[in-house]
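**Q** I'll drop the sequence and a predicted model, then ask my questions.
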Amino acid sequence: MLFFSSFTMVLIGVVSLQTSTGEDFSSLTSSTISHVAFGLIGLVTMITITHMPSDMLKAISPSGYLFGLLLLALVILVGDESFGARRWLKLGPLSFQPMEVAKITTILMIAFIGSRYRPGFIPLCLVLVIAGIPTFMILLQPDLGSTLVLIFSCILMIFLWGMPWKTVIALILLSVGLLPVAASIIPSYQLDRIATFIDPSRDPLGSGYTAKQIDIALNGSGFWGNGFFSESQALAGISVRNSDFVFAQWLETTGAFGGILVCGLVILVMSRGIALATNHNMAFNQLAILGLTSLFTIQSIVHIGVNTRFIPTTGITLPLISAGGSSVISVFILIGLLQSMNRTRHEYP
Amino acid sequence: MEKSARITIISLILITTMIFSIGIIIKKTVVDPTQVIDNDRLLQESVEQIEPVRGNIFDKNGELLAGNISSLEVLIIPGFFPKDDGKKYEILTLLADTADLDISWLESILKSDLSINDPYEPRVIKQDISNREAIRLGSLLNKYPAFEIRPVIRRQYHVMNSGLAHVIGYLGRLDSIDQNINTLANYKPTSLIGVSGVEATQEQSLRGVTGESVVQSDLTGRSYSVKSSKSSQAGTDVTLTIDYQFQLEGFKSLKKYIKAGINDARDPSMREGRGAYIPEGAFVVMDVRTGEILALASTPDYDPNIFSSADRSDELNAVLSAPQKPLVSRATMSLEPPGSTFKPLVALAALEAGTAHPNTHIVSTGELLVPNMYYPEADPIIFRDWYPHGSLDMARAIVRSSDIYFYVLAGGWPPGTVPTGDDIKGLGSENIATWASRFGFGMNTGLEVTTESSGLVPSEAWKKNVMNEAWTLGDTYQFGIGQGNLLSTPLQLAVYTGALANGGTRLKPTIIKNTDGTHAFEKIPAKTEHFSFIRDAMVATASGPDGTAQRAKPDGYKIGAKTGTAEFGPPYSDGTYDEHGFVIAFGPIPNPEIAIAVYIKHGNGAYHASPVAKDIFEAYLASRSE
C-alpha cells in the first residue's frame, strides 16, 4: 500500500515535470530524468531501510540525531544560498538539503526519548530541547515552512506519548506565541510574502506576482483542468514551479480531479501509517510511526495550503511529487522506516 | 486516555485538515469564477505614452545644431536577473564578453539601490550599436528576459568646439530633475526635457505632443500586441539667429588670443598661490538693427552629447567637477567690472547732464590726490592714471582712455585741491547709476537662455545695505572708470554697445529667429548729437595712431571701439594685479550693423581682446559679401 502510493506520487511528479516544460514524452527533459533517477535511488534506499531491524534503528537514533544537527550546523556555516535562504550543502557536484534528513532524525530521537521515559515534566523538557535545537536551526536558514511542519509533528507525538490535553494546548499556544519572535529572525522578504498573501496587488511582480498567477491558474482550471501541454501556463514565470509550486501546476493541468487524486494518495499513506501505529504496542515504533506519518501528512497539507493560497507563501516541497533529490530520497527513507517498523511487528509479535 | 483514543484524535485532526484542503481545492478550481477568459487571461492592457520626436535646432543658415538620431541600445532589467549568484554571474559574464563591457560596472548597475530605483526599469548599458551587433547580441542573449535591445531616438548635438554648447543647452530626464514633477501633462517621468539653454527655453515648441498606444502585455511586462494607438506629433524646429560658421571663426580667434593672454601674463609659477590660469573668455556679436545674436561663445565649453549618452558618464562627471567650471556660460554669466569700456557711457551722461561738454579740458598729470575726508593731516589717497596724458578734451580722453579725466567727470575735483583743468561739477554716482540702468546694466537682458546673470550697478544705498559702509568720493571715481563694484556680463556689454552704435535704441537681444521681423527695444532719452559725438570718439579710438583700440579695426573699414583692461584680485608683491581684457566695438561705419563685446579673463583689452574683435569683423564682412 505504502509502496503503491509512493510509486504513484513519483509518477505524478514525472508527468508534472515533463508537462511543465511544454514538451511531450518523446524526449525527456533533464529535470524529468533526474526526478526518475532520484526516485530510483530513493527506492533502493527505501528497500535497504525496510530490511533493517527496528531495534537497530532505535539504537542508532541518538547518533542519527547528532549527525542531523551536525549537518544543519554545516549549512549555517558553509551552506549555499539560493532565493535568499541558506539551505543547501554542497558535496562535489551534488548538493542537498540536510533539513530533510534532520526532520526525520529528530522525529526518531523524540520517539527514542518517549520510549525510555514516562510522560512527565522533566522528560517533556528534554523532548522540547531535542525538538527545539533543530527547529531553531531550520528557522535560521530560514525555512518557515519546514519549521512549522516539524513543530506540529512533534506536538502530535507529545500528545500520543501521553501528555495531558492542557499541556499540549499550552504547547500549541506557545508555538503560535513565538511566531513574532520567529518573524524577527526571518528576513523581510518572507514577511513580504506574508503581506502579499493578504493583499496580492501590493507587489504585482514580486511574491504577490506568484499569488496572482496561482489564482489565475487555479480559477481557470475547472474540474478536469486545462489538460497536459496546454499552452496557457500562468505559472510559467515562476522559477520554483517544479518544487515549491508543483501542486498549483498540477492543478492547472488536471484541475480539481488531479488535486483530489493527490489528496487521496496522501490520505492513503496517512491512514496506512495511522493503522500501523494503532496496531503497534512498542512505544518507540508507535511514536516513530506516528511522528513520521504526521511529518509526511503535515508537509503535504502545508504545501497544498500554500499552493491554494490559504497559507502564506513559504517554500516547501510536496513529498515525492516536487522535483528535488533531497526531498524525494528523504521521503523514501521515511517510507522505508515505516515499512521496517511494520515488518518488525510481524516478525516479533 | 487510551493510546488508541489519542491516535484516533490525531487521525481525526489530520483527516479533517485533508478534507478541508480538498474543499479549498474544489472551491479554487471549480467554484471560483475564472478570472480572465482563454488566451487573454495572461494579458493585461496598459496605456503607453509614445514620446514625440523632438524638434531640431538650426542656425540661421539651416545648419543642424541639435537633431535626433535613431540608434539601437542595449538594456538590462535588474529585476529579471536570477537571484542565484552563480546564475546571475553566468549571464553577466556572457553579457560582458559578448557586448565588450566591464563586468564590475555591470554588477554595480545591478547593485544600485533597488529600494529607490524600480528594479523593473530598464537600464541602458550600451548605446549606438550597429545592426550587425544587435543581431549578434540578440541571438546570444534573447533567451534571458533580463536583457533587451531596442531602437531609440537620441538627441545629438553638432556644436563641438564652437563655444555654443551653453546656448544650445541639454536635456535631462524629468524624474532626475524633479522627483515631484511626474504629473506634468504631456510628459512621462522618464521623458527628456530641456534643462538648460535653448533646449529649455524653447521646450514648448521643441517638445511636440505625446501619442498613446494601448499595449497588451503579460504580468512580467513583456508586450505582445498593440491594440490601438494615437500617433505623437513631432516638435517644431527652432531656428536660431546664430551664424554657426561665423561663430566658429570667432571662436577660433578667441581661443588663440586667450592663449596669447596667458602667455603674456606672468609665469604661472610666480602666481603666489593663485593656481593655474583658466583659459576663460567669451564674445557676443549682436545685430544692432534687430537685437539678433549672430554669435555668442563661451570657453571653456563642453560637448553637450555627454548628457545624452549613458556610456559617457565618466566624461560628464569630469565636466561637472572640473575646476574650470565648463558648464558656466561665460558670455551670459561671468560678472566682471567692465572697466574702461564703461567710459563712453559716463561721457554721454555728463553731456546729457550738462556737467561737461566736448570742450571740457582736464590735464592728466598721472595722478589725482584726494585728501582724506576724516583726517586732513593724513596722506592723501592717490588715484592714478595709466599714463600722464597731459591736457585732454573729452574725445581725446576717450581715445586715450584717460582715467583722471573720467574720475573728474564722475566725481568732480577733489575738495580742497586746485583743479588742473576746467573746474567742473561731477556727475555723481546716482546719475551714473541711472544712465547705467538705461543702457541695461544691472538687469537681465532677456535672452532666451536659462543662464543669465543680471550684474550689479552700485549705489549709495546698496553700499550702505550690503557692505554697511558709506559711499565715498573714491567710489564715485571708480564708478566713473567702470571699476569698483560695478559688475556686468559680456552680453550686457554687447547690448550697451549696440545702443551706442544705433543712436540710443537698447534692443532686447534674441537668439531665436522670429518670422514676423519685429523686435523689442527701449529708446534711451539722449540727444542724437551726443550719441554721434561718442560714436565719433570711439571711431577715433579704433583708428587713430594712438587710439587704444586700433588693433580692433579691420583693414579697409572704419569701426568704433573702446577697450577696457581691469585689474582684479589681490595685488602681487610687486604691486601689480591680474588683468582681464575687454573690448566693445561696432561697425562698419557709417552704418553700423553689428556690435561686439569680447572678454578675456587673463589678458589686455588692447593687445588680446581687440584682435579678436578684428577677426570677428573680418569674418563678418567676408560672410556679408558672399
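**A** Received the coordinates, thanks.
**Q** Give me the neighbour count for A:Trp224.
**A** Neighbours of A:Trp224 under the rule other Cβ atoms under 10 Å in any protein chain shown: 14. Where C-beta positions appear, they are placed from N, C-alpha and C, glycine not excepted.
**Q** Now name the helix or strand holding it.
**A** Using DSSP states H and E, A:Trp224 maps to neither a helix nor a strand.
**Q** so what's B:Phe441 closest to, chain neighbours aside?
**A** Of all residues not flanking B:Phe441 in the chain, B:Val457 sits nearest, at 5.0 Å (Cβ to Cβ, 6 or more residues apart in numbering or on different chains).
**Q** My error: substitute B:Glu272 in the last question.
**A** B:Tyr572 (6.1 Å).
**Q** Please report how far A:Ile76 lies from A:Gly325.
**A** According to Cβ to Cβ, to the nearest Å, A:Ile76 and A:Gly325 sit 21 Å apart.
**Q** quick one, what contacts the residue nearest to B:Glu272?
**A** Counting by Cβ atoms under 8 Å, 6 or more residues apart in numbering or on different chains, B:Tyr572 makes contact with B:266, B:270, B:272.
**Q** So it: helix, strand or coil?
**A** Applying DSSP: H, G, I helix; E, B strand; the rest coil to B:Tyr572 yields a three-state assignment of coil.
**Q** Any idea how far apart the tips of stretch B:353-363 sit?
**A** Separation of the first and last residues of stretch B:353-363 by Cα to Cα, to the nearest Å is 22 Å.
**Q** what does that stretch rub up against?
**A** For stretch B:353-363, the external contacting residues (Cβ under 8 Å, 6+ apart) are B:347, B:350-351, B:390-395, B:397, B:402, B:404-405, B:408-409, B:420-422, B:424-427, B:431, B:533.
**Q** Let's see that with 6 Å instead.
**A** The contact list for stretch B:353-363 (Cβ atoms under 6 Å, 6 or more residues apart in numbering or on different chains) reads B:350, B:391-394, B:405, B:408-409, B:420-422, B:424-425, B:427, B:431, B:533.
**Q** okay, A:Ile76 and A:Gly325: which has more neighbours?
**A** Per other Cβ under 10 Å, whichever of A:Ile76 and A:Gly325 has more neighbours is A:Gly325, with 19 against 13.
**Q** tell me the contacts of that one?
**A** Counted by Cβ under 6 Å, 6+ apart, A:Gly325 has contacts A:Phe38.
**Q** Let me know the pLDDT of it.
**A** A:Gly325 is assigned 83 on the pLDDT scale.
**Q** same deal with B:Leu456?
**A** Note for B:Leu456: predicted pLDDT of 93.
**Q** Likewise for A:Gly206?
**A** As predicted, A:Gly206 sits at a pLDDT of 47.
**Q** next one: A:Leu94
**A** Note for A:Leu94: predicted pLDDT of 69.
**Q** Of the contacts of B:Tyr572, just the buried ones, ChimeraX syntax please.
**A** In ChimeraX, this line selects whichever of those come out buried by 16 or more other Cβ atoms under 10 Å in any protein chain shown:
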select /B:266
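**Q** and the residue of chain A nearest chain B?
**A** Chain B sits closest to A:Gly259 of chain A, with a gap of 3.9 Å, by Cβ to the nearest Cβ.
**Q** rewinding a little: generate CSV for the contacts of B:Tyr572, with distance to A:Phe332 and secondary structure as supplementary columns.
**A** Below are the contacts of B:Tyr572 laid out as CSV (distance: Cβ to Cβ, whole Å; DSSP: H, G, I helix; E, B strand; the rest coil):
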residue, distance to A:Phe332, secondary structure
B:Arg266, 91, coil
B:Met270, 89, helix
B:Glu272, 87, coil
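**Q** Mind checking the pLDDT average for whichever strand or helix holds B:Ala295?
**A** If you go by DSSP H and E, B:Ala295 is part of strand B:293-299. Averaged across strand B:293-299, pLDDT comes to 94.
**Q** tell me which strands and helices it is in contact with?
**A** Contact here means 3 or more Cβ pairs under 6 Å, 6 or more residues apart in numbering or on different chains; DSSP states H and E; on that basis strand B:293-299 packs against helix B:244-264, strand B:281-287, helix B:330-333.
**Q** doesn't A:Ala322 fall inside a helix?
**A** Actually, residue A:322 is Ser rather than Ala. No: if the criterion is three-state DSSP, then A:Ser322 is coil and not within a helix.
**Q** I would like the residues contacting stretch B:9-27, please.
**A** Stretch B:9-27 has contacts (Cβ under 6 Å, 6+ apart) with A:156, A:256, A:259-260, A:263, A:267, A:270, A:274, A:297, A:301, A:304, A:308, A:310.
**Q** Just the buried positions in it, please.
**A** For stretch B:9-27, the neighbour count (16+ other Cβ under 10 Å) marks B:10-11, B:13-14, B:17-18, B:21-22, B:24-26 as buried.
**Q** residue contacts, the residue nearest to B:Phe441?
**A** If a contact means Cβ under 6 Å, 6+ apart, then B:Val457 has B:433, B:436, B:441-442 as its contacts.
**Q** just those residues now: which is nearest A:Glu252?
**A** Distance to A:Glu252 across the contacts of B:Val457 (Cβ to Cβ) is lowest for B:Gly442, with 76.0 Å.
**Q** Assign that closest one to helix, strand or coil.
**A** Per three-state DSSP, B:Gly442 ends up coil.
**Q** Run a quick neighbour tally on it.
**A** For B:Gly442, the neighbour count with other Cβ under 10 Å is 19.
**Q** now the one 4 residues further on
**A** As a burial measure, the neighbour count of B:Gly446 was computed by other Cβ under 10 Å and equals 14.
**Q** Isn't it up against B:Lys508?
**A** Yes: with contact defined as Cβ atoms under 6 Å, B:Gly446 reaches B:Lys508; the gap is 5.1 Å.
**Q** shared neighbours, the two?
**A** With contacts defined as Cβ under 6 Å, 6+ apart, no residue is adjacent to both B:Gly446 and B:Lys508.
**Q** which residues sit in contact with residue 262?
**A** Just going to use chain A. By Cβ under 6 Å, 6+ apart, A:Val262 lies in contact with nothing.
**Q** other chain: chain B
**A** Counted by Cβ under 6 Å, 6+ apart, B:Ile262 has contacts B:277, B:602.
**Q** Next one, pLDDT for it please.
**A** In this model, B:Ile262 is scored at 91, pLDDT.
**Q** quick one: B:Gly138 and B:Leu101, what's the gap?
**A** Shown here: B:Gly138 relative to B:Leu101, a distance of 16 Å by Cβ to Cβ.
**Q** nope, B:Leu327 is what I meant
**A** Here the criterion is Cβ to Cβ. By it, B:Leu327 lies 28 Å from B:Leu101.
**Q** Sheet-wise, list the partners of the longest strand anywhere in chain A with their directions.
**A** What stands out as the longest strand in chain A, according to DSSP state E, is strand A:85-91. Strand pairing for strand A:85-91, using DSSP bridges, gives strand A:80-82 (antiparallel), strand A:94-96 (antiparallel).
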